[in-house]
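S.K.: My questions concern the predicted model and sequence given below.
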Amino acid sequence: KAAGYATSQKYVENVWNVVLENGLTKYDDVQPSSTKRLKVAIDAGHGSNTAGKRTPCGFREHWINVACASFCEQALKRCGIDVLRVAWDDNNAKDDEDVALSTRQKLIKANKCNVSVSFHANAYGNGWNDAQGVETLISDKAPGDSRALANIVQSYLIKGTPQKNRGVKTQSLAMCNCASLGVKAAILCEIGFMTNKAEADLMKTDRFCREQAEEVAHGICDYLGVKYIAYGGSTVADIVTEAKNTPTGYLVKINTDVLNVRAGAGTSYPINTQVRRGQIYTIVDEVNGWGKLKSGAGYIKLSYTTKI
């Protein structure tokens, strides 16, 4: 306007010159960047026969990891995100080799994934103990933007089944090294302790593994700016509620410092073991105010627990 183009024929000439100089009359068959498919690598930690990676009663960690990975894949695909399976090829978790970490890294990098998530179950020592909780790990060497993703995912993981919030932590982990994986963000989720009887019992169930997977998927969607589509029209909270109301059992939290687990429903029965405040267990039957533990360890007095 200051040059007088808006008040003369030169305005039209000037605009046309800009069109020609920038090739704006040409049609470019290029898809907008917003329509590019996002891809997430889902790693199932360890292998079917990895030594030591199991509960004290022999339930393999890889079985848990594959269950979570499979449910997470379903969730992400439902939301329009492509998935790369790493160290698992189907729902049969009993025939997977323990793929070398370097091989997993190369596979993810070659497939140009945006984000990587690795599912694991934690452990402390060799026998049953009180260590418990859920945590999300990132690399201490090449984290990229992983902390942002980890914070979102962890915030969802602690909204479901009540577990101790162990937070976001850094470790030297091959499956979280963004430089080696070629991704923007990479996390490793420890969904519970195999050496905690209550959490081990939970991790053996599809409904708990699905809940964890949906929570992780929800966090990934938020991070990537993708609309999360709930499972079967149900929110994660609905899945948790369904698990709590399932007739085959319900969850209780111990609200006394130490509670005896007896061989039968009454104080006349011998003590098999003890449980402690804050631990969570599945009750599958009730007898005169006593609850039978799903693990088979015995019975506990329900008046010292809170139903969740």
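M.R.: Yep, that arrived. Numbering: from 1, shown residues only.
S.K.: Quick one: classify Thr306 as helix, strand or coil.
M.R.: On the three-state scheme (DSSP: H, G, I helix; E, B strand; the rest coil), Thr306 is labelled strand.
S.K.: can I assume it is in contact with Asn255?
M.R.: Yes - taking contacts as CB atoms under 8 Å, Thr306 lies within contact range of Asn255: 5.2 Å. All C-beta atoms are positioned from the backbone trio N, CA, C, and that covers glycine.
S.K.: In a strand, Glu286, correct?
M.R.: Yes - assignment of Glu286 by three-state DSSP places it within a strand.
S.K.: isn't it right up against Ile300?
M.R.: No - taking contact to mean CB under 8 Å, the distance of 10.8 Å between Glu286 and Ile300 leaves them out of contact.
S.K.: Compare neighbour counts for these two and give me the winner.
M.R.: Ile300 (23 against 13; other CB atoms under 10 Å).
S.K.: Mind telling me what element the more buried one is part of?
M.R.: According to DSSP states H and E, Ile300 maps onto strand 299-301.
S.K.: repeat for Thr170
M.R.: Here Thr170 sits within strand 165-171, counting by DSSP H and E.
S.K.: which helices and strands does that strand pack with?
M.R.: Using 3 or more CB pairs under 8 Å, 6 or more residues apart in numbering; DSSP states H and E as the contact criterion, the secondary-structure elements in contact with strand 165-171 are strand 134-139, helix 146-157.
S.K.: contact partners of it?
M.R.: Strand 165-171 has contacts (CB atoms under 8 Å, 6 or more residues apart in numbering) with 133-140, 143, 147, 150-151, 154, 158, 190.
S.K.: let's go with 10 Å and repeat that
M.R.: Residues lying outside strand 165-171 but in contact with it, judged by CB atoms under 10 Å, 6 or more residues apart in numbering, are 122, 131-141, 143, 146-147, 149-155, 157-158, 176, 187-188, 190, 193.
S.K.: re the thing from before, tell me the helices and strands packed up against the strand holding Ile300.
M.R.: Applying 3 or more CB pairs under 10 Å, 6 or more residues apart in numbering; DSSP states H and E, one finds that strand 299-301 makes contact with strand 258-262, strand 271-276, strand 280-287, strand 290-293.
S.K.: and the gap between the spatially most central residue of the chain and Ala186?
M.R.: For the chain, the residue whose C-alpha lies nearest the mean C-alpha position (CA atoms, centre = their mean) is Val216; its distance is 3.8 Å. From Val216 over to Ala186 the distance is 13 Å, taken as CB to CB, to the nearest Å.
S.K.: Now do Val287, the pLDDT please.
M.R.: Per-residue pLDDT puts Val287 at 82.
S.K.: can you check Thr235 too?
M.R.: According to the model's per-residue confidence, Thr235 sits at a pLDDT of 54.
S.K.: Which element, helix or strand, includes Asn65?
M.R.: Under the assignment given by DSSP H and E, the secondary-structure element containing Asn65 is helix 61-78.
S.K.: Tell me the buried residues in that helix?
M.R.: The neighbour-count check on helix 61-78 (16 or more other CB atoms under 10 Å) flags 61-76, 78 as buried.
S.K.: Show me how far the helix or strand in which Ile108 is found is from its chain's centre.
M.R.: If you go by DSSP H and E, Ile108 is part of helix 101-110. Distance of helix 101-110 from the chain centroid (CA atoms, centre = their mean, to the nearest Å) equals 20 Å.
S.K.: Direction included, what does the helix or strand just after that helix pair against?
M.R.: The C-terminal neighbour of helix 101-110 among helices and strands, as given by DSSP H and E, is strand 115-122. Note on strand 115-122: by DSSP bridges, its sheet partners are strand 39-44 (parallel), strand 185-193 (parallel).
S.K.: quick one: which of those strands is nearest Tyr250?
M.R.: With CB to CB as the measure, strand 185-193 is the member of these nearest Tyr250 (18.0 Å).
S.K.: Buried ones in the helix holding Ile108, by neighbour count?
M.R.: So, applying 16+ other CB under 10 Å, buried residues of helix 101-110: Arg104, Gln105, Leu107, Ile108, Lys109.
S.K.: correct me, but the third one touches Met175?
M.R.: No - with the criterion set as CB atoms under 10 Å, Leu107 and Met175 do not qualify as a contacting pair; they are 11.4 Å apart.
S.K.: joint contacts of these two?
M.R.: Taking CB under 10 Å, 6+ apart as the contact rule, the neighbours common to Leu107 and Met175 are Ala41, Asp43, Val86, Ala87, Leu181.
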